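Trainee: Take a look and give me a structure for this.
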Amino acid sequence: MNLNQITIAVANVEQSIAFYENLGLRLIVKSLPKYARFECLNGESTFSLHQSEIPNNGNTWLYFEVENLDQKVAELIQKGFVFEERPNDKEWLWREARIKDLDNNQLILYYAGKNRKYPPWRIS
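Mentor: Purely as a prediction, here's the structure:
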């Protein structure tokens, strides 16, 4: 199996489109008011938004790997994004920064390199 797409619930698809485009994703499907789909600029996966009236509880965490993490975060800060956590090294050998989207979804921009799939504690 190969993960193709993740879809998250948002209150307002149109407002969320602007947020995710500014974050750097490419819009490829726009079916307002209920749905939008983005293409990640690296790899083959896609990311979708679906309108929902159920309030978000903040339990959705999305990880977007960015090779030049510090530079990308600096660019996003210049655009007005407010990060809860600036880039820092984690004990699990990833470098991460954290931000929330308009619906309280936790977005983790990170760089892990080989440790993404092959950390020293990986099961053989």
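Trainee: For residue 63, name its beta-bridge partners.
Mentor: residue 108 (DSSP bridges).
Trainee: my guess is it contacts residue 110, does it?
Mentor: Yes: the criterion here is Cβ atoms under 8 Å, and residue 63 meets it with residue 110 at 6.0 Å. From N, CA and C alone the C-beta is placed, and that goes for glycine too.
Trainee: So which of these two has more stuff around it?
Mentor: The neighbour comparison of residue 63 against residue 110 (other Cβ atoms under 10 Å) goes to residue 110, with 19 against 13.
Trainee: What's the per-residue pLDDT of residue 98 here?
Mentor: Residue 98 carries a pLDDT score of 98 in this model.
Trainee: what sits against it?
Mentor: For residue 98, the contact set (Cβ atoms under 8 Å, 6 or more residues apart in numbering) comprises 83-85, 106-109.
Trainee: one more time with 7 Å, if that's ok
Mentor: 83-85, 106, 108 (Cβ atoms under 7 Å, 6 or more residues apart in numbering).
Trainee: Let me see the ranges of the helices in this protein.
Mentor: 13-23, 69-78 (DSSP state H).
Trainee: Among the ones you listed, which comes closest to residue 1?
Mentor: Nearest of the helices of the chain to residue 1, taken as Cβ to Cβ: helix 13-23 at 25.1 Å.
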